[in-house]
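In: need a structure here:
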Amino acid sequence: MFRLKFSGLAVSFLMFVLAFSQSNAGNLTLSPESPKAGSTVNIVYQTNSRWTQLFAYIYGYEGSSSFPKARQISLSYDRNKNKYYGSFKVPENEVFGLIKISNLYETQDDNRSKFWDYQIVDNDNNIVRSSYLQAGISYLGNSPANCSRRVDFKKALKMLKKENLLYPNNLQALIGAVSLRLDLGLITNAKFKQKIEQYAKRRFNKNDENDIKSITRALRTLNKQDKAEEIEKQFAKRFPKSETAQEVYMSKLSQAENLEDFSDLVQDFIKAFPKSSNRERLFSALVSGYLQSKKHEEIEKILKSFRTVPSSAYTQLASAVVETDDDDENIDVNLAKATELMKIASNEAVKNKTHLKPVYMNEREWEYKRNQDYIRVLEANAEVYLWAKNYEAALAILEKAEAACMNEIPGTIYALYIDFYSSTSNAEQALETATKAIKNSQSSKSIEDYHKILFDSLRPGSDYEPFISNIKKIARNKRIQKLMHKKLNMNADLGVIKSVSGKALDLDRQQGRVVIIEFWSTWCGPCREAMSAFDRLAGKYALRSDIVFAAVAVWEKGENVSEAVNDFLTDAEFKVPTYLDEKSELPKNVGLTGLPARIYIGKNGKVQFIESGFTDEYSFKRDSEDKIELLSK
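Out: Sure, this is the predicted structure:
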């Protein structure tokens, strides 16, 4: 029997991110470009693609908000002009906004990850207070995933400086600018501390959350933790529903000494902040805590005490019940309980939970997320029925999950179908399904390996290589076609990097070559696996003089970073050329905020792709080879 182990939550989240990553590089204009609050803004959008329906997603920031308020408008198509038109009214308190375009299937144009933006002006046509501030913050990579634009620290600093010039008493902009200058290596620690001490002495508005966040950040920089905490607690007491109040409560959660205390705090937090972005994560932590203590009945009782619960909490509990005992005597009992829990999870997934919609999601984004939650529940439900060998029920659930997919069928559903057909002795259908998964780029190493096993058993004497090569070629052509519209064409100061032995590589003089750079650090756990995969990928292209691989160690800690990197490389025995960026200038220049990460530089010397994280070598190798092939042309 074929059995693919996967995390439904992780894969569904990945699908959500991927679905929001397609770019069609159209042109959008606003009239007026800088509107007044309360005025109407007209949108004109032109693209080479023709869509049945397009929407403009607008994310408006108020002066004191950490998250934007999302809304959507429908765009109408003018066939004669081949353009889309729409309009929206600017809310009274809005100071800054971001815009992207989406179609019915959540494929979007986000202006090559830059988004389009607008700034609000007053009656004298001056940019209003906090507009430049919010514009600067939007470049720092701290926004929710659906409205997160490409990180650009230099643009962020430029915006903060403009805010400081227009509104020199904006404490958040002052502290943000000096902090960013330190991060970019533009001022010394001594100068930074001197500035922060000056700002910490300024009067601040005790009822303005931005001022509270700014002054407490300054105080912590000066090691005045107790004073910062007291200011936050007082503000949280006056504004118990504020973001600061949430942060104070989250701090309490981190200090819980046992499961009972943690449970009480989580339950109180969820009731106090039902729309918190931490809600689903806290439910998951709560369930995990009780499952580790083997208190299944207790956590089930707690979950049922809430009016609404994330469906993932019940699927998590159902999966644990299935895995509790493998004895045949308990299978029926466990199945009955797991089925009961999955039914509750399904009901939770289809509930109308508009009151829980985060402000930074519009109605269509919220519905899309809810649909993904529902599919995830159905996948888990099908897995339970497959485990119990109730194949008729499993097939019915899988068909329902497939029908719920708005666009592409995810690899998890293909895997479950393959499991079903293998379990019911339908090898031909299993082979056909695995072929579809590979052709649609929704396969995994497990699916691909099993695909060969099925082919060899069903087609004895046939040559597998031409068959699989043709399928993979079809899949790759589709992926590369999508990649063509996602190229960033980003200018960046790349400069010279040096190896531990002192050998230099001038990245600005590699025109005519494709350059792939892997960023890593000796203290980064996931980086070791990513570096191993990167090393093997580089080996595959070792004879290609037009392709350059470089692994760059950044953000190293300690006094002798060169020695630490050298020791690490000696133990790891990597063959890929490795360099050390002691000042970590390169990741700042390309807008990286985490590790592992990599960039792909085209033959024109521009950064074309930026990736963060590492899932598995199969996906990494496939996606990297796609980008290399596209950029090598």
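In: list the contacts for Asn42?
Out: Applying C-beta atoms under 8 Å, 6 or more residues apart in numbering, one finds that Asn42 lies in contact with Leu30, Ser31, Tyr85, Gly86, Ser87. Glycine gets a C-beta too; all of them are placed from N, C-alpha and C.
In: could you look up the SS state of it?
Out: At Asn42 the chain is in strand, as set by DSSP: H, G, I helix; E, B strand; the rest coil.
In: what's the spacing between Asp109 and Asn27?
Out: 9 Å (C-beta to C-beta, to the nearest Å).
In: follow-up on the earlier one: and the contacts of Asn42 as CSV, adding distance to Arg536?
Out: Listed next are the contacts of Asn42 as CSV, based on distance: C-beta to C-beta, whole Å:
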residue, distance to Arg536
Leu30, 47
Ser31, 52
Tyr85, 51
Gly86, 48
Ser87, 53
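In: out of the residues you listed, which are buried?
Out: Neighbour-count burial (16 or more other C-beta atoms under 10 Å) applied to those gives Leu30, Gly86.
In: for Glu428, state which of the contacts of Asn42 is nearest.
Out: Set against Glu428, the nearest of those by C-beta to C-beta is Gly86 (49.5 Å).
In: the closest one bridge partners, please.
Out: Beta-bridge partners for Gly86, by DSSP bridges, are Ile43.
In: CA atoms of the one helix or strand Glu232 maps to as PDB?
Out: Here Glu232, judged by DSSP states H and E, is contained in helix 225-238. What follows is helix 225-238, C-alpha atoms only, in PDB (Å, rounded to 0.1, in the frame of the first residue of the first chain):
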ATOM      1  CA  GLN A 225      13.000  46.900  30.900                       C
ATOM      2  CA  ASP A 226      11.000  47.400  34.100                       C
ATOM      3  CA  LYS A 227      10.000  51.000  33.200                       C
ATOM      4  CA  ALA A 228       9.000  49.800  29.700                       C
ATOM      5  CA  GLU A 229       6.800  47.000  31.100                       C
ATOM      6  CA  GLU A 230       5.100  49.400  33.500                       C
ATOM      7  CA  ILE A 231       4.200  51.800  30.700                       C
ATOM      8  CA  GLU A 232       2.800  48.900  28.700                       C
ATOM      9  CA  LYS A 233       0.800  47.600  31.600                       C
ATOM     10  CA  GLN A 234      -0.800  51.000  32.300                       C
ATOM     11  CA  PHE A 235      -1.700  51.400  28.700                       C
ATOM     12  CA  ALA A 236      -3.200  47.900  28.500                       C
ATOM     13  CA  LYS A 237      -5.300  48.700  31.500                       C
ATOM     14  CA  ARG A 238      -6.700  51.800  29.900                       C
END
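In: if we can go back for a sec, ok, the contacts of Asn42 vs Ala380, which is closest?
Out: Using C-beta to C-beta, the contacts of Asn42 come closest to Ala380 at Gly86, 39.0 Å.
In: my read: that closest one touches Leu75, true?
Out: Yes. In terms of C-beta atoms under 8 Å, Gly86 counts as a neighbour of Leu75; the distance is 4.2 Å.
In: need the residues touching each of the two.
Out: With C-beta under 8 Å, 6+ apart as the test, Gly86 and Leu75 both reach Ile43, Tyr45, Ala56.
In: I'd like to know how many residues surround Asp211.
Out: 21 (other C-beta atoms under 10 Å).
In: do the same with Leu265
Out: 19.
In: swap in Ala236?
Out: 19.
In: how much space between the residue nearest to it when sequence neighbours are not counted and Ser143?
Out: Nearest residue to Ala236, sequence neighbours excluded (C-beta to C-beta, 6 or more residues apart in numbering): Ala245, at 3.8 Å. To Ser143, Ala245 is 21 Å away according to C-beta to C-beta.
In: same question, Ile331
Out: 47 Å.
In: tell me which of these two has more neighbours.
Out: Neighbour count, other C-beta under 10 Å: between Ile331 and Ser143, Ser143 has more, with 20 against 15.
In: I'd say Phe455 and Leu431 touch.
Out: Yes. At 6.3 Å, Phe455 and Leu431 qualify as touching, with contact defined as C-beta under 8 Å.
In: which residue ranges form the strands in the stretch 101-250 of the chain?
Out: 108-109, 116-119 (DSSP state E, counting those that start in this stretch).
In: and for the closest residue to Val576 other than its chain neighbours, the neighbour number?
Out: Leaving aside its sequence neighbours, Val576 sits nearest to Ala538 (C-beta to C-beta, 6+ apart; 4.2 Å). Ala538 has 22 neighbours, counted by other C-beta under 10 Å.
In: doesn't Ala538 lie inside a helix?
Out: Yes. Assessed with three-state DSSP, Ala538 lies in a helix.
In: ok so, going back, let me know the closest of the contacts of Asn42 to Ala345.
Out: Closest to Ala345, out of all of the contacts of Asn42 and judged by C-beta to C-beta, is Gly86, at 37.9 Å.
In: list the residues that contact the closest one.
Out: Asn42, Ile43, Tyr45, Ala56, Ile73, Ser74, Leu75, Ser76.
In: again, only this time at 10 Å
Out: Listed by C-beta atoms under 10 Å, 6 or more residues apart in numbering, the contact set of Gly86 reads 41-45, 54-56, 58, 72-76, 101.
In: so which of these sit within helices?
Out: Of those, none are assigned to helices by DSSP state H.
In: so among those, which ones count as buried?
Out: Neighbour counting over the contacts of Gly86 (16+ other C-beta under 10 Å) leaves Val41, Ile43, Val44, Tyr45, Leu54, Phe55, Ala56, Ile58, Gln72, Ile73, Leu75, Ile101 as the buried ones.
In: thought the fifth one was touching Val44?
Out: No. Under the contact definition of C-beta atoms under 10 Å, Leu54 does not touch Val44, with a separation of 11.9 Å.
In: who touches both of these two?
Out: Common contacts of Leu54 and Val44 (C-beta under 10 Å, 6+ apart): Leu75, Tyr84, Gly86.
In: only alpha carbons, please: show stretch 552-565 as PDB.
Out: Output in PDB follows, covering the C-alpha atoms of stretch 552-565 (Å, rounded to 0.1, in the frame of the first residue of the first chain):
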ATOM      1  CA  VAL A 552      27.500  33.200   1.800                       C
ATOM      2  CA  ALA A 553      27.600  33.000   5.600                       C
ATOM      3  CA  VAL A 554      25.900  36.000   7.200                       C
ATOM      4  CA  TRP A 555      24.700  37.300  10.600                       C
ATOM      5  CA  GLU A 556      27.400  35.200  12.300                       C
ATOM      6  CA  LYS A 557      27.800  35.600  16.100                       C
ATOM      7  CA  GLY A 558      30.900  35.700  18.300                       C
ATOM      8  CA  GLU A 559      34.300  37.300  18.100                       C
ATOM      9  CA  ASN A 560      36.100  35.100  15.600                       C
ATOM     10  CA  VAL A 561      33.400  34.400  13.000                       C
ATOM     11  CA  SER A 562      35.900  33.500  10.300                       C
ATOM     12  CA  GLU A 563      37.200  30.600  12.400                       C
ATOM     13  CA  ALA A 564      33.700  29.500  13.300                       C
ATOM     14  CA  VAL A 565      32.700  29.400   9.600                       C
END
